[in-house]
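*Asks:* pasting the structure only:
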């Protein structure tokens, strides 16, 4: 049996960022993910905000990793060719909120964040569509937005190119240590490793318990969102936050890296895995967006969704276990987890790879890919001459060609389901939400993977879309 130097459990943005770092070393690394793709848990439902770091309590791990993560994020997304925009952020308040703005400003200064207080005039000049009641704001120029799932996928792709292994649909069910080796048992088999890194997200405390490491009580908070059509994007310049409360950063209005606008999230205690969108949650968003944003337009909503944040106490849990050897924890990673992920990975790299030799000639910069929605006419004509699939538009809403879908299916971490294709190239993320393109994506997957159409799934196991051809079944 192959012995891995390190096994990473969990394929969210933290797990893939860790794997990407470890793959640069001359060691054998493996990531285990229970779902059909990376980025399908909290990362999928993340707002995509790269926080500047002014909201974190000084001296905490959240503050440390948020600020460092922000510094690492912007060159990282350039290297990975991930959609992003460094658009800054505003925390806005009415006349009574000046003290709260000053408190955030002082936190930001203590954390080493470049922040500035704007009065009402300057705030409205910067973001004209704010509510008339807004009189103060805190501006952080280092904040911005990224595509959270495309970041996660790109990290996984680069890790694969550098020699790491990823096994999907393998849920860890047991961990045992015998001498210097861990045995990691999944629903698909057993794996041996010298070190285990727990990045299991919502299941992080469960994995700790399996390993006999520190026990942590976990709570979960659900965040619900509206996604607006990309026609609303022209009205939003930056990320707009209200003053935060003890429940979180509040209902924001923000652009996305892919051209939409989101309202949300809510913050309500929930059970593990509860991603149901509720009427009360959506009503809460509508009520609170109007307090900061002048003209909410929920009629332009093309989708609603929810994600779950995993909370362990007041801070992240990051570091080596003090109970069992060769077991590293990166759990309880709620907000600002996306922003912190590059820095958490950097720190875990130091714990796992001390004294290890880096590989020569690692892939550092991912190749820039053409996207039909971005290329000009001359470039498109040249692409079609090389490959006619560039001339076949599959997703009209998002302008996605057959060539891009084929590329996703044959990427380093292949897209093998309709949702996996969707996360990579946005086919099905537009106004019609796959109403026109889903069947065509299924046909392309069937052809490229050499599978019957009935075996093509939406996502995880059991989500097959086509059951049979109507002409194959007798008409009873």
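*Replies:* Nice, I can see it. Values in this document were obtained by computation on a predicted structure and should not be read as measured data.
*Asks:* contact partners for residue 399?
*Replies:* Under the criterion of CB atoms under 8 Å, 6 or more residues apart in numbering, the neighbours of residue 399 are 372-373, 393. Every C-beta, even on glycine, is put in place using the N, C-alpha and C of the backbone.
*Asks:* so which of the residues you listed is the most crowded?
*Replies:* residue 372 (21 neighbours; other CB atoms under 10 Å).
*Asks:* now it. Its backbone dihedrals?
*Replies:* Main-chain torsions, residue 372, degrees, to the nearest 10: phi -50, psi -40.
*Asks:* run a quick neighbour tally on residue 21.
*Replies:* Residue 21 has 24 nearby residues by other CB under 10 Å.
*Asks:* tell me the pLDDT at it?
*Replies:* We have a pLDDT of 98 for residue 21.
*Asks:* circling back: distance to residue 104 and pLDDT for the contacts of residue 399 - can I get that in JSON lines?
*Replies:* Below are these laid out as JSON lines (distance: CB to CB, whole Å; pLDDT from 0 to 100):
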{"residue": "372", "distance to residue 104": "41", "pLDDT": "95"}
{"residue": "373", "distance to residue 104": "37", "pLDDT": "94"}
{"residue": "393", "distance to residue 104": "46", "pLDDT": "97"}
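*Asks:* and of the residues you listed, the nearest to residue 313?
*Replies:* The shortest approach to residue 313 among the contacts of residue 399 belongs to residue 373, at 42.7 Å (CB to CB).
*Asks:* before we move on, the earlier item: now distance to residue 22 too, for the contacts of residue 399, in JSON lines please.
*Replies:* As requested, these are exported to JSON lines (distance: CB to CB, whole Å):
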{"residue": "372", "distance to residue 22": "34"}
{"residue": "373", "distance to residue 22": "34"}
{"residue": "393", "distance to residue 22": "39"}
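*Asks:* and the residues you listed, which is closest to residue 387?
*Replies:* Distance to residue 387, by CB to CB, is smallest for residue 372 among the contacts of residue 399, at 12.0 Å.
*Asks:* what's the separation between that closest one and residue 383?
*Replies:* According to CB to CB, to the nearest Å, residue 372 stands 9 Å off from residue 383.
*Asks:* hey, what's in contact with both of these two?
*Replies:* Both residue 372 and residue 383 are contacted by 390, 403, under the criterion CB under 8 Å, 6+ apart.
*Asks:* remind me what the helix or strand hosting residue 439 packs against, helices and strands.
*Replies:* Element membership for residue 439 (DSSP states H and E) is helix 438-449. Packing contacts for helix 438-449, counted by 3 or more CB pairs under 8 Å, 6 or more residues apart in numbering; DSSP states H and E, involve strand 393-395, helix 402-409, helix 418-425.
*Asks:* which residues touch the shortest one?
*Replies:* The list of residues contacting strand 393-395 from outside it, by CB under 8 Å, 6+ apart, reads 372, 399-402, 405, 425-428, 430, 436-437, 440-441, 444.
*Asks:* now with 7 Å, please.
*Replies:* 399-402, 405, 427-428, 430, 437, 440-441 (CB atoms under 7 Å, 6 or more residues apart in numbering).
*Asks:* and the second one, by the same measure?
*Replies:* Outside helix 402-409, the residues that touch it by CB under 7 Å, 6+ apart are 369, 371-372, 387, 389-390, 392, 394, 415, 421, 424-425, 427, 441, 444-445, 448-449.
*Asks:* just the buried ones from these, in PyMOL syntax?
*Replies:* The command below creates a PyMOL selection of those among those that count as buried (16 or more other CB atoms under 10 Å):
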select buried, resi 371+372+389+390+394+415+421+424+425+427+441+444+445+448+449
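*Asks:* what residue spans form the domains of this structure?
*Replies:* 1-83+146-216+312-368, 84-145+219-310, 377-472 (automatic domain parsing).
*Asks:* which intervals of the stretch 151-300 of the chain have sub-threshold pLDDT?
*Replies:* In the predicted model, the stretch 151-300 of the chain carries pLDDT under 70 at residues 246-248.
*Asks:* residue boundaries of the strands in it?
*Replies:* For the stretch 151-300 of the chain, strands defined by DSSP state E, counting those that start in this stretch occupy the ranges 165-167, 172-178, 181-186, 189-198, 219-228, 239-242, 252-255, 261-264, 268-270.
*Asks:* elements contacting the fifth one?
*Replies:* What it means is strand 219-228. Packing contacts for strand 219-228, counted by 3 or more CB pairs under 7 Å, 6 or more residues apart in numbering; DSSP states H and E, involve strand 261-264, strand 268-270, helix 279-292, strand 301-311.
*Asks:* residue 20 is in what secondary structure piece?
*Replies:* Short version, using DSSP H and E: residue 20 is in helix 13-22.
*Asks:* report all helices and strands that that helix contacts.
*Replies:* Judged by 3+ CB pairs under 7 Å, 6+ apart, helix 13-22 is in contact with strand 3-9, strand 29-32, helix 148-161, helix 337-352.
*Asks:* circling back to that earlier point, need the strands of the stretch 151-300 of the chain in a markdown table (columns: mean neighbour count).
*Replies:* A markdown table is the format used below for the strands of the stretch 151-300 of the chain (neighbours: other CB atoms under 10 Å):
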| stretch | mean neighbour count |
| --- | --- |
| strand 165-167 | 18 |
| strand 172-178 | 15 |
| strand 181-186 | 18 |
| strand 189-198 | 20 |
| strand 219-228 | 22 |
| strand 239-242 | 26 |
| strand 252-255 | 26 |
| strand 261-264 | 25 |
| strand 268-270 | 15 |
